[in-house]
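**Q** no sequence on this one, just coordinates:
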Ligand code: HEC
């Protein structure tokens, strides 16, 4: 988790006007369970999931406070839900694969990611 510290410090400078973001009707606690089951943590450090702690996709610590998704897409609910389901549809060059999630499941996962705004 030490590797996540510089990111958390960077996020202290992020534009707070946009956070926290809301996803109406989504269940963040269920989102954490879905993220664990579908294997997000095989590529990402995900706070709340102790194993595995994948590195290829970067840490999602503090993601809720970041203004951009992968540094190039606006970090807004609709974009994030689409990213989680099918990132290549937004950016064909991305290394993040499509994930086998329904829209509702992806909304729950997105709601969980938006709880990760500690700085
Ligand atoms: C096979 C590896 C892999 C899996 C599994 C995976 N991702 Fe990713 N993810 C990536 C990579 C690689 C990137 C960086 C993509 C880029 O910058 O183009 C990324 C980027 C992201 C980002 C943007 C992060 C940022 O710093 O802006 C989010 C959010 C994200 N993934 C969420 C998820 C979620 C939620 C899941 C599970 C539903 C998941 N990922 C599963 C590889 C993966």
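**A** On my side now, so go ahead. This structure is a prediction, so every number in the text was calculated from the model and none was measured.

**Q** might you report the residue contacts of residue 81?
**A** Residue 81 makes contact with 23, 103, 106-107, 110, according to Cβ atoms under 8 Å, 6 or more residues apart in numbering. Every C-beta, even on glycine, is put in place using the N, C-alpha and C of the backbone.

**Q** okay if I get those as JSON lines plus secondary structure?
**A** Output for these, formatted as JSON lines (DSSP: H, G, I helix; E, B strand; the rest coil):
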{"residue": "23", "secondary structure": "coil"}
{"residue": "103", "secondary structure": "helix"}
{"residue": "106", "secondary structure": "helix"}
{"residue": "107", "secondary structure": "helix"}
{"residue": "110", "secondary structure": "helix"}
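
**Q** in the lengthiest helix in the chain, what counts as buried?
**A** Of all segments of type helix in the chain, defined using DSSP state H, the longest is helix 77-90. Residues 77, 80-85, 87, 90 are the ones in helix 77-90 that count as buried (16 or more other Cβ atoms under 10 Å).

**Q** can you narrow the residues you listed down to the ones near the ligand?
**A** Contacts with the ligand within the buried residues of helix 77-90, as defined by Cβ under 6 Å from any ligand atom: residue 84.

**Q** check the gap between residue 91 and the ligand for me.
**A** Distance, residue 91 to the ligand, by Cβ to the nearest ligand atom, to the nearest Å: 6 Å.

**Q** that residue: what's it in contact with?
**A** 70, 72-73.

**Q** ok, back up a step: just how off-centre is the longest helix of the chain within its chain?
**A** The chain centre lies 11 Å from the centre of helix 77-90; the measure is Cα atoms, centre = their mean, to the nearest Å.
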